[in-house]
Every structure is written in structure tokens, then in C-alpha cells.
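> This is a predicted model, with the sequence first.
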Amino acid sequence: SISKSNETTVYSDHGKLIVKLDEAHYSKNVDIAAVMNQGAYCVAAGLPLSKAYTMFTTLGLRHLVVLGGKDGGEVVGVLTRMNFTPDYIESHAGDINRLD
């Protein structure tokens, strides 16, 4: 179904929510809390990369939050597909504190 107002058109296209805004409203904030997944998957900073990779691929994730810090509950990084490429791994081998 399509919902229209003076400034916005919202519709679904093959399971994706499409929102078209009038250019005058590009600078406004949009609350997306209702469509966010608030149960993100996470791993401990000391987890072997091979286990993080298995979790990442098995679950079909796009992001994997890395927790660490003093109490282990601080977000210290986010893994994406790029972090699992051979070039990235080779360039960061031996440097466990670097996730950029």
C-alpha cells in the first residue's frame, strides 16, 4: 500500500520500505526506532577471528558489535564484511588492537 502526504511518499517494494521525501525536508530528523533491530549480535574482543567469521556468515550478518573495555560491556568496535577479507586480515595480522 502507498501512503502519501504533502511532503512524503511511503511504500513497500519487494519487502523493502521506501520513503521519498520532498527536498525541503532533507535536513529534518526521522525517528526510525520502530524499524530498528535493537537486539544486535555481539562478540567479546578476545574472540578468535575464525569464530567471529563463522557467526557472521552463518547468521548472515552485516555488522557484528565487538564488546570489551574494563567490564566487557563497552562497544570497542564493529566488524563488517571488510574486516574478513584476506587483504584486511593480512594487513592487520599481529595488531589485535587495531580494527579501523
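Thanks, I have it. Residues are numbered from 1 along each chain as shown.
> secondary structure class for Asn37?
Following DSSP: H, G, I helix; E, B strand; the rest coil, Asn37 is assigned to coil.
> what about it, neighbour count?
6 (other C-beta atoms under 10 Å). To be clear about C-beta, it is placed using only N, CA and C from the backbone, and glycine gets the same treatment.
> Find me the pLDDT at it, would you?
We have a pLDDT of 75 for Asn37.
> Over to Lys4?
pLDDT, Lys4: 62.
> try the one 10 residues further on
Predicted confidence (pLDDT) at His14: the value is 78.
> now swap in Lys70 and tell me
Lys70 is given a pLDDT of 90.
> Let me see the ranges of the helices in the chain.
Assigned by DSSP state H, the helices in the chain fall at 49-58, 86-92.
> can you pull the buried residues of the shortest one?
Neighbour-count burial for helix 86-92, counted by 16 or more other C-beta atoms under 10 Å, picks out no residue.
> still on that earlier bit, let's have the helices of the chain in JSON lines, adding mean pLDDT and distance to Ser12.
Output for the helices of the chain, formatted as JSON lines (pLDDT from 0 to 100; distance: least, C-beta to C-beta, whole Å):
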{"stretch": "helix 49-58", "mean pLDDT": "93", "distance to Ser12": "28"}
{"stretch": "helix 86-92", "mean pLDDT": "86", "distance to Ser12": "35"}
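> Turn these into a markdown table, including distance to Gln38.
Listed next are the helices of the chain as a markdown table, based on distance: least, C-beta to C-beta, whole Å:
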| stretch | distance to Gln38 |
| --- | --- |
| helix 49-58 | 19 |
| helix 86-92 | 28 |
